[in-house]
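# Using only what follows, build the 3D model:
(chains A, B and C)
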Amino acid sequence: MPDKPRVAFYWCASCGGCEEAILDLNERILDVVGQVDIVFWPVALDFKRQDLEEMPDQSLAAAFVNGAVRSSEQEEMAHLMRRKAVLLFAFGSCAHLGGVPGLANLFTRASLLAASYPETVPSDGLPALFETVKTLNQVVPVDYYLPGCPPTPSIILPAIEALLSGKLPEKGSVVAPDRALCEECPRKETRPADLAIAEFSRPHQALVDETTCLLAQGLVCLGPATRSGCEALCVRGNMPCTGCFGPTSRVRDFGGKALSALASIAGGNEDPAIMRALEHIPDPAGTFYRYSLPSGLLQPLPYGRGSAKPRASASVHPTEASHV
Amino acid sequence: MPEVFEPKIVAFFCNWCTYLAADLAGTSRLKYAPNARVIRVMCSGRVDPQFVLDAFAKGADGVLIGGCHPGDCHYQEGNYKALRRFHLMKRLLTEMGIEEDRFRLEWISASEGEMVKAVMNDMVEKVRALGPLHASLPKHAPVEEEVMV
Amino acid sequence: MNSVRIGVYVCHCGTNIAGTVDVGAVVEHAAAMPGVVLARDYKYMCSDPGQELIRKDIRDHGLERVIVAACSPCLHEKTFRNAVAAAGLNPYYFQMVNVREHDSWVHADKPAATEKALDLVRAAVRRVRLHKPLERRQVAIHPDVMVVGGGIAGIHAALTLANAGKHVYLVEREPTIGGHMAKFDKTFPTLDCAACILTPKMTAVKTHPNISLWTLSEVSRVEGYVGNYKVTVTRKPRYVLEDLCVGCLECIEACVYKQAKVSDEFNLGLSKRKPIYIPFPQAVPQVVVIDPDTCIEFKSGKCKKTCVEVCADRNAIDFHQPEQVLTVDVGTIILATGFESFDARRLPYYGYGLYPNVYTALEVERLVNASGPTGGELVLRDGRKPAVVGIVHCIGSRDTHTNRYCSRVCCMYSLKLAHLIRERTGAEVYNFYIDIRAPGKAFEEFYNRVAEEGVNFIRGKVADVYPEPNGSGRLILQAEDTLLGMIRKIPVDMAVLATGLEPHADAQQVRRLFNIGCSTEGFFLERHPKLAPVSTFTDGVFLAGCCQGPKDIPDTVAQAGAAAAEALALVDAGVVELEPNTAHVLEEECSGCKTCVPLCPYQAISFAEAKQKAEINEVLCKGCGTCVAACPSGSIRQNLFEDEEIFEEISGVLAYA
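Residues are numbered from 1 along each chain as shown, chains lettered A, B, ... in the order given. Okay, here's the model as predicted:
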C-alpha cells in the first residue's frame, strides 16, 4: 500500500483562525486525516522544527502555510516549508494577501512597538521583527492560494480533494471561483440596476435590513469586488462583505478596484455632494485594504517621503501570476 | 553641486479636452517643463485607481489626471466619476503617506493650451519641492538591536 | 510576447521634431527595445514616400506592429492606420506617439525632450504588443437632416440640402424664420435691401416640398450617434392653426386692444404690438401668433374674442392648441443658431439705457428701415431729427473687460449706417474707431466711398458719453483722437453704439444638448480652426453662421453651404464606420453585481435578467471606458484601451523594468 501523502501546516503572523478553520471541517476532518499523513502542525502536534529540517527536500506532498511574514523566524520557516514541500499553499488571507496584520504597513515598526510594548524589556534571542509585513509569495514562490479569513470548508475541502486526486488548477491559481461574490449572494436580486449612494454609512449607523442588498442600504459592502466561494457567510450574518477573499484574477489591486466601484456610484457631481456621500469612509486604507495591503500595487510610506518600497523581489506576485 | 531633482509625472489626459489642449499648447509653441509623460485615454472616467497606484509604485513622483470641465465631458458624465474616485483616492493616498500635491485632477478644456502649460509648470515645481517619492528604502533585513523599542 | 515583430518610425517633420529631439538617438534606442525588428527615421512620415516606407516594410519584413513617433494622433492617426491597412495589416496594430505637439514644440531642453521621446516610444512599444486586430463596424446613415436655427445660415443650409433631394427639418425657436438679417435695412457693401434678398429664400423654404418648417420650436433632447440621431423637438403652440391661417391679418385689426400696448420684440422695443401679432409683414410662415402672456383670453378667460369672430370662415384660431413633442430620426444635424448682440448696458459709461438718445446699431437699423417703427425716418425718441450723429465702434469688442475678440462686422455696418444716415438726413456723422476693418470684397472701396461722402472719422475709442453741460440736450462723445493727439469732445444729437456679437445666453445649454464644445468665448467649437471650420468633434453635428463665431452674411452663407456639403457627404456615403474602441462585458466572468449598469449616459449597458449578467450594446457604446474602470471584478474590457495595455504604457513611460 503506497504511503499516504505527507502534509505540513505552519502559522506565521496570524491569529490562529486558519488553524481553527481546519478544525471547522468538523467530522470531515477525519476523512482528511485518514487520507494524509500530517507530519508537522505546531498548534496540534508535537513535531519540532528540527524534525522538519531533517526531512528530505520535496518529501512533503503539500505544505499549508497561513499567516503573513513579519519576523525572521517566519521567513525562515517559509523557506523551510518551500524546500520540503512539492506544493506550497498559501492558506488564508494573511498568507495570500497580507491579511489584517498587513495594515501594520501603515505605521513604522518603531511606532507599533512603542504603542504595544512601551515599557516591556525584550528577552534575549527573540526573532527579529521586520520593518514591513509581507505576503507569503513575497518571500517564497507559492503554488496555490486558498483565500479567506479564514478559508471556509467550502474552499478547503475541494482543494484538498483536488490535491489528493491530482486535479489542481493551473499553478499560481487562487483555488476559488473567479467571479465576484454578488453572483452567489442571496440578496443579489434586491440590488437595483440604477443604484447611486447618497451617503455611505457604517453598520453601527443603520438598522440593517436582513433581506435587502447591503450596498443598496448604503453600507460599504465589498462583495462586488471580492471573489466568491464563501457562500456569502458574512452577508447571511447581516454584515457587509469586507473583502477577505481578495480580488478576481483580472484585478491587480483589490483596494483600488473596490474603491473605484464604490466611488463611481457615490452620489453627486459636485464636491459637496460627493464629500457627503464619502463622509463615512474616513479610512479608505482600512476599508478597502483590510486584508490586502501588502499585496497592493503601492506600498504605504509610513516613514514619510523617500521610503516607498518597490514590489517585493522574491517571486511571483499573486496577481501577476494570472497575468503572465 | 547636487543634481537638481527632476520629478517624473505621469499624466492621464482625456482625448477630447485635455489632450487637445496639450496639442494646442504645442501648436502655440508654448514652452513648459518636460517632466510629464502623457498617457492618452478617451475619457478621464477611464482612469482606474489601479493606474494611479501603479504609476506611483513604478517610480512616478506625481500623477496628474486631466479631464473636461464639469458639464463638458464629451461623454456627458465620465468626468464626474473621475471626480468621485479622485476624492476617495486622495484620502487613501494621504493615509499611505503620499503628499497631496503629488496627485492632481485638473479640468482643462480643448481651447485652454495656456492652462496645460500653467498646470505642468506648477505641478513640477510643487513636486520638486516635495522631493522624490522613492528615495532611500528602509532596510528590510532583521534589525536585532532595535527589535523591541 | 517579445516575438511580435514591431517596426518603429520616427519622423523628423522637417525640423519641427528633429530640431529639438535627437531623432537618431531615438531610432537607435528603439531598435534595441524588445520586439523591435526595425527602426527608421524619415523627414516626413505622413507624405506618400513616408507611408510607402511603412507599407514596404510590412511586406518585406513581416512587420506585425507599427509605431510612428511624429505629430499628434489627432492629426495623422487615421493616415497611418490607412497606410498600415493598405499593406494588409490590421490598422489597429498601429500606435502613434506624439513627439511634436507634446514634446519638440513645447520643450526647449533638447536632452530632456529626447529622453521624453524615448520614454513615450518605449511605452508605445510595450503597449502595441498587446493590441488586438479590431474591426470597425458599419452602420447605415439616415438620410434626413435637421437644421437648428432659421436665420440666413439655417435657411441656406436647408435649401441646399433640400435641393439635393434630402428631407430637412428646419427648427426655429421664434415664430418666424429670418433671424437677424430680417431686421437689417440694407446690407454692406452693395446696399442691397436685406429683406429683398432674404424674403425670396424664406419663401423658398416655405414652399419647398423637402423642408418641414417648424417654428416656435426647440430641440429638447438628442440621443443616438452619427447617422442615427433621435431628436426630440418641443413645438410651442401658436394658438393659430398654420394650415388654416391665410395671413390676412384681420384678427390683429379686430383685437379688443384698440391700441398696441406690448413691447414689439422685432423692433427691439421701439414700437408696440398687440397680443395677437405677426412679427413682421414678410414673416414666414405667414401666420399670426398669439402671445399667451399678454392676451386677455389667456389671462382672464373672459375676452370677447373678436379675433375669432373675424376669422369665422376659416376658424384658424385655437386657444386650446396643445404643445407638441415630436421625435424624429435624422442622420446629421446642422447648428445655425446665430448670435446675440452685446448688451450695451454692461458698459454704463456709454449711457445706453440712461440717456434716451443713445441707441444700438440694431435699433438704428430698425429706425432707418421703411417697415420699422418710424417708417424709415431717423427720428429720436423725443421726436426730433438729429443733426449730428456719432457712431461709436467696438462696443463690447476688442476689450479686455468684455470680449477680447473683434466682432468682425461692426466696422462695415457702422460705415453702412454712416452712409445711410448721411444719405437720408444729411446729418453730420462722426465715426469713432480704433481701426477700420474692411477686408471683404468691395469693402475697402465702400469705406473710401463713405469717407468721400463727408463722414468724419476720428481714430479714438470713445471713453465717455455724457450730456452737454449747457443743457442743450445733446450728448458729448469724448475720445482721444490718436491721429491728432488731442482729446475731442463732439456734441451729438444721437449716439449709435456699434455693439459686437456674442453667443446666445443659452449657448452652453444648447451645445450640451448636442454634445459639442464651446471655445473660451462661448461660440460653438469647430473641429479645427483652419481645416475643419464647419464640423465639430461630434461626428454628424455641423456648424454654420455666427454660432461658430462672428461673421458677415457672405461668410455665413458660404459656411452654411459648406456645412450642407459635409452633411451631404456623410449622407450620400450611406454608411458610417464606428470606431471599435468600445467596451464589452466578459460574460463568463461577470458576477451580475450591476455596478456598471447606471454608469452609462448612453444607456448602452443593460442587465440581462435571464442570464443575470450585464450586457453592453456595442453600437450605443461610445467608448469612454467609465464602466471599465468601475467594474469591481475587472470583467469589462475596452478595445484599444485595455487595462493591460495601459499598465504597459505606465511601465514604459517610467522605464520600469
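# Check the secondary structure at the spatially most central residue of chain A for me.
For chain A, the residue nearest the mean C-alpha position is A:Ser93 (1.4 Å; Cα atoms, centre = their mean). Put simply, A:Ser93 is helix when judged by DSSP: H, G, I helix; E, B strand; the rest coil.
# Run through the residues that contact it.
With contacts defined as Cβ atoms under 8 Å, 6 or more residues apart in numbering or on different chains, the neighbours of A:Ser93 are A:Gly99, A:Val100, A:Pro147, A:Gly148, A:Cys149, A:Pro150, A:Cys244, A:Phe245, A:Gly246, A:Tyr291, A:Ser292. All C-beta atoms are positioned from the backbone trio N, CA, C, and that covers glycine.
# Likewise for C:Arg40?
Applying Cβ under 8 Å, 6+ apart to C:Arg40 gives the contacts C:Gly7, C:Val8, C:Tyr9, C:Val10, C:Val27, C:Leu53, C:Asp57.
# again, only using 6 Å
C:Tyr9 (Cβ atoms under 6 Å, 6 or more residues apart in numbering or on different chains).
# Ok, A:Gly223 next?
Residues in contact with A:Gly223 (Cβ under 6 Å, 6+ apart) are A:Leu181, A:Cys182, A:Cys185, A:Cys241.
# same thing with A:Val36?
Shown in contact with A:Val36 (Cβ under 6 Å, 6+ apart): A:Lys4, A:Pro5, A:Val7.
# Please apply the same query to C:Lys116.
Counted by Cβ under 6 Å, 6+ apart, C:Lys116 has contacts B:Pro34, C:Asp103.
# Show me what counts as buried in the one helix or strand C:Leu417 maps to.
In this structure, C:Leu417 is located in helix C:410-425 according to DSSP states H and E. Buried residues in helix C:410-425, defined by neighbour count with 16 or more other Cβ atoms under 10 Å in any protein chain shown: C:410-422, C:425.
# With stretch A:110-121 instead?
For stretch A:110-121, burial by neighbour count (16+ other Cβ under 10 Å) applies to A:Leu113.
# just to revisit the earlier point, among the contacts of A:Val36, who's most crowded?
A:Val7 (25 neighbours; other Cβ atoms under 10 Å in any protein chain shown).
# what's the longest helix out of those in chain C in contact with?
Counting by DSSP state H, the longest helix found in chain C is helix C:553-573. Contact with helix C:553-573 is made by C:141, C:143, C:145, C:152-153, C:156-157, C:160-161, C:164, C:187, C:331-332, C:334, C:534-535, C:542, C:544-545, as judged by Cβ under 6 Å, 6+ apart.
# Sort out which residues of it are buried, please.
Buried residues in helix C:553-573, defined by neighbour count with 16+ other Cβ under 10 Å: C:553, C:555-557, C:559-564, C:566-568, C:570-571.
# With just CA atoms, put the helix holding C:Leu417 into CSV.
C-alpha atoms of helix C:410-425 as CSV (Å, rounded to 0.1, in the frame of the first residue of the first chain):
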residue,chain,number,x,y,z
CYS,C,410,-19.2,96.2,-36.8
CYS,C,411,-16.8,98.4,-38.8
MET,C,412,-18.7,97.6,-42.0
TYR,C,413,-22.1,98.1,-40.6
SER,C,414,-21.0,101.3,-38.9
LEU,C,415,-19.8,102.6,-42.3
LYS,C,416,-23.1,101.4,-43.8
LEU,C,417,-25.1,103.2,-41.1
ALA,C,418,-23.0,106.3,-41.6
HIS,C,419,-23.8,106.3,-45.2
LEU,C,420,-27.5,105.7,-44.8
ILE,C,421,-27.8,108.3,-42.1
ARG,C,422,-26.0,110.9,-44.2
GLU,C,423,-28.0,110.0,-47.3
ARG,C,424,-31.4,110.1,-45.6
THR,C,425,-30.9,113.0,-43.3
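# Which two among the contacts of A:Ser93 are spaced furthest apart?
Within the contacts of A:Ser93, A:Pro150 and A:Ser292 form the most distant pair, 15.2 Å apart (Cβ to Cβ).
# Among the two, which residue is more densely surrounded?
Higher neighbour count among A:Pro150 and A:Ser292: A:Ser292, with 29 against 26, using other Cβ under 10 Å.
# That one contacts A:Gly256, correct?
No. Counting by Cβ atoms under 6 Å, A:Ser292 does not reach A:Gly256; the two are 10.1 Å apart.
# Check what pLDDT B:Ser136 gets.
What the model reports for B:Ser136 is a pLDDT of 36.
# ugh, wrong one, A:His317
32.
# Same question for B:Cys73.
You'll see B:Cys73 listed with a pLDDT of 86.
# Now it. Its backbone dihedrals?
phi -60, psi 130 (degrees, to the nearest 10).
# Give me the neighbour count for A:Met81.
For A:Met81, the count of nearby residues is 24 (other Cβ under 10 Å).
# go on, the one 3 residues further on?
In terms of burial, A:Lys84 registers 22 neighbours under the definition other Cβ under 10 Å.
# Wait, it touches A:Leu60, no?
Yes. Counting by Cβ under 6 Å, A:Lys84 touches A:Leu60, with 5.0 Å between them.
# and the closest residue to C:Cys410 other than its chain neighbours, which of the three is it?
Counting by Cβ to Cβ, 6 or more residues apart in numbering or on different chains, the nearest residue to C:Cys410 once its immediate chain neighbours are dropped is C:Ala498, at 4.2 Å. Of the three states, C:Ala498 takes strand under three-state DSSP.
# hey, where'd the helices end up in the stretch 101-250 of chain A?
A:109-116, A:153-165, A:233-236 (DSSP state H, counting those that start in this stretch).
# So which bits of the longest one are buried?
Think helix A:153-165. Here helix A:153-165 shows A:Pro153, A:Ile155, A:Ile156, A:Leu157, A:Ala159, A:Ile160, A:Leu163, A:Leu164 as buried, counting by 16+ other Cβ under 10 Å.
# average model confidence for that helix?
For helix A:153-165, mean pLDDT rounds to 92.
# So what's the residue count around C:Asp293?
8.
# quick one: it and A:Ala21, what's the gap?
The spacing between C:Asp293 and A:Ala21, counted by Cβ to Cβ, to the nearest Å, is 76 Å.
# Return the residues of chain A in contact with chain B.
A:72, A:113, A:122, A:128-129, A:131, A:252-253, A:256, A:259-260, A:263-264, A:266, A:269, A:274, A:278, A:284-285, A:297-298, A:300-303, A:305-309 (Cβ under 6 Å from any Cβ of the partner chain).
# Helices - which of those residues land there?
Of these, the ones assigned to helices by DSSP H are A:Ser72, A:Leu113, A:Gly256, A:Leu259, A:Ser260, A:Ala263, A:Ser264, A:Ile274, A:Pro284, A:Ala285.
# and B:Ala105, helix, strand or coil?
Not Ala; residue B:105 is Leu. Classification of B:Leu105 using three-state DSSP returns strand.
# what helices or strands is the one helix or strand C:Ile333 maps to leaning on?
Under the criterion of DSSP H and E, C:Ile333 resides in strand C:332-335. Helices and strands touching strand C:332-335, by 3 or more Cβ pairs under 6 Å, 6 or more residues apart in numbering or on different chains; DSSP states H and E, are strand C:145-148, strand C:541-543, helix C:553-573.
# In CSV: these, plus distance to C:Ile636 and mean pLDDT.
Below are these laid out as CSV (distance: least, Cβ to Cβ, whole Å; pLDDT from 0 to 100):
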stretch, distance to C:Ile636, mean pLDDT
strand C:145-148, 33, 98
strand C:541-543, 28, 98
helix C:553-573, 31, 97
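# Tell me which of those sits nearest to A:Asn26.
strand C:541-543 (67.1 Å).
# which residues sit against that closest one?
Here strand C:541-543 has contacts from C:Ile333, C:Ile334, C:Leu335, C:Phe514, C:Ile516, C:Phe524, C:Val534, C:Ser535, C:Ala563, C:Glu566, C:Ala567, using Cβ under 6 Å, 6+ apart.
# again, but for stretch C:147-160
Residues from elsewhere that reach stretch C:147-160 (Cβ under 6 Å, 6+ apart): C:168, C:170-172, C:177, C:179, C:181, C:201, C:204-205, C:211, C:219, C:334-338, C:544-545, C:556-557, C:560-561, C:563-564.
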